[in-house]
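Q: Provide a 3D model corresponding to the input given below.
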Amino acid sequence: MRPIRLRDFIEDREGCLYAVSNYDNDDRIGCILRYVPDDGGERTSLSGRRYRKYDFAESFAWIREHKPEYLDSVHRVPRSDVVRVYKPEEEIGKVAARNARVRRLLSHFDLPPGSFGCTGSLLCGLDNAASDIDLVVYGDAWFAAQRQLRHLVGAGVIPGMSTAMWRKVYEKRVPEISFDTFVLHEQRKWNRGEFEGTYFDLLYTRAYGNLDAVPAGKGKVVGRTTIEATVTDASLSFDSPAVYAVAHGEISRVLSFTHTYAGQALAGEVIEARGVVEEHGDERWLIVGTTREAKGEYIVSKTLLENAG
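A: This is a model prediction of the structure:
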């Protein structure tokens with residue numbers, strides 16, 4: 001079987017479904033619990049089993065009570081407890097066959113077979129009429145999808161994001177930056193949109209040949225700081241975590257563990273970033289998103305703000 005990677009889902013022996021949130025999955029799968037079998041649950045699987053969807057805080061509370069051995073900074077499920085792996089690129093044919101909206105959205109993109117899929121509730125067969133469409137695109141194909149989305153919106157095939165939808169995204173993310181600054185950065189990312197009244201994401205995941213692009217693991221925390229630095233490489237800036245290589249006297253990389261600051265700056269731009277400093281070998285990295293809502297932490301492109309001003 002191919003390696004388990006970010007945005008796959010796994011199912012454990014009890015039927016619980018987890019979203020894979022890490023790339024380092026050799027012994028125990030790094031993931032977040034999303035759906036638990038529950039006779040009173042509001043979601044029904046294709047087989048008729050009912051499930052309850054858990055948000056971030058609820059999922060940690062459930063794991064703490066029922067599976068404390070899985071508890072870590074994420075949930076760590078031993079491979080021996082995994083009974084099924086759901087891979088977006090392998091299931092996309094089935095998802096599109098049963099969901100006409102997904103089928104119509106995909107018809108506007110031209111991507112290589114095996115380079116894309118759907119994650120989230122659609123992948124697990126637990127979607128409802130209100131479900132977002134979480135499209136995953138792998139490796140270099142993601143940048144092709146990004147270019148295509150920009151063209152499709154420009155041509156009027158897919159509508160631009162409404163102010164109401166931007167506001168909804170902003171209020172969900174509760175970032176440390178103003179609404180206007182948030183939208184200014186978001187509008188050039190081309191990683192989300194609206195289609196037939198439904199919100200969709202274009203989510204980046206590394207190709208199988210590039211899973212080890214960034215060393216995994218938490219470093220030693222040595223403080224908090226705010227830096228200004230020039231981005232030298234933004235090729236993994238839409239990944240999770242988003243990675244920015246920077247030219248700076250002390251910090252070599254800025255990582256964001258919150259989707260809010262993915263794709264926030266381009267190579268060659270000057271950023272301002274605030275977060276927690278970690279030591280990784282002989283390097284120091286600035287970590288943004290050390291808490292769920294990244295309170296007091298942010299990344300902005302000073303270059304973008306100055307050019308807009």
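
Q: contacts for stretch 56-73?
A: 30, 32-34, 36, 54, 75-77, 218, 292 (C-beta atoms under 8 Å, 6 or more residues apart in numbering). C-beta here means a position set from N, CA and C on the backbone, and glycine is covered the same way.

Q: dump the residue contacts of Tyr199.
A: Residues counted as contacts of Tyr199 (C-beta under 8 Å, 6+ apart) are 132-133, 165, 168-169, 192-193.

Q: hey, where'd the helices end up in the stretch 151-300 of the chain?
A: 163-173, 179-186 (DSSP state H, counting those that start in this stretch).

Q: among these, which comes closest to Leu6?
A: helix 163-173 (19.4 Å; C-beta to C-beta).

Q: give me the low-pLDDT residue ranges for this structure?
A: For the chain, not a single residue meets the criterion pLDDT under 70.

Q: domain parsing for it?
A: Per automatic domain parsing, the domain ranges recorded for the chain read 9-86, 89-208, 218-308.

Q: ends of the last one, what's the gap?
A: In other words, domain 218-308. When the termini of domain 218-308 are compared using C-alpha to C-alpha, to the nearest Å, they are 36 Å apart.

Q: next one: the longest one
A: From the first residue to the last, domain 89-208 extends over 12 Å; the measure is C-alpha to C-alpha.

Q: now do stretch 282-301
A: When the termini of stretch 282-301 are compared using C-alpha to C-alpha, they are 27 Å apart.

Q: what's the closest of the helices of the stretch 151-300 of the chain to Leu202?
A: Comparison of the helices of the stretch 151-300 of the chain against Leu202 by C-beta to C-beta identifies helix 179-186 as nearest, at 12.5 Å.

Q: for that closest one, enumerate the helices and strands it packs against.
A: Using 3 or more C-beta pairs under 8 Å, 6 or more residues apart in numbering; DSSP states H and E as the contact criterion, the secondary-structure elements in contact with helix 179-186 are helix 163-173, strand 298-301, helix 302-308.

Q: what is the neighbour count of the closest residue to Ser301 other than its chain neighbours?
A: The spatial neighbour of Ser301 that comes closest, neighbours along the chain excluded (C-beta to C-beta, 6 or more residues apart in numbering), is Ala265 at 4.2 Å. Other residues near Ala265 number 27, with proximity taken as other C-beta atoms under 10 Å.

Q: so Ala19 sits against Tyr35, correct?
A: No. With contact defined as C-beta atoms under 8 Å, Ala19 does not count as touching Tyr35 (9.2 Å).

Q: overlap in contacts of these two?
A: Looking at what touches both Ala19 and Tyr35 (by C-beta under 8 Å, 6+ apart), there is no common residue.

Q: how about stretch 124-136: buried residues?
A: By neighbour count on 16 or more other C-beta atoms under 10 Å, the buried set for stretch 124-136 is 124-127, 131, 133-136.

Q: ignore what I typed, I meant stretch 209-216.
A: Residues of stretch 209-216 classed as buried by neighbour count (16+ other C-beta under 10 Å): 210-211, 214.

Q: hang on, Leu149 is in a helix, isn't it?
A: Yes. According to DSSP: H, G, I helix; E, B strand; the rest coil, Leu149 belongs to a helix.

Q: ok, it - contacts?
A: Applying C-beta under 8 Å, 6+ apart, the residues near Leu149 are 109, 158, 190-191, 193, 202.

Q: longest single strand anywhere in the chain?
A: Counting residues, the longest strand found in the chain (DSSP state E) is strand 220-236.

Q: other SSEs contacting that one?
A: When contacts are defined as 3+ C-beta pairs under 8 Å, 6+ apart, strand 220-236 packs onto strand 242-247, strand 270-280, strand 283-288.
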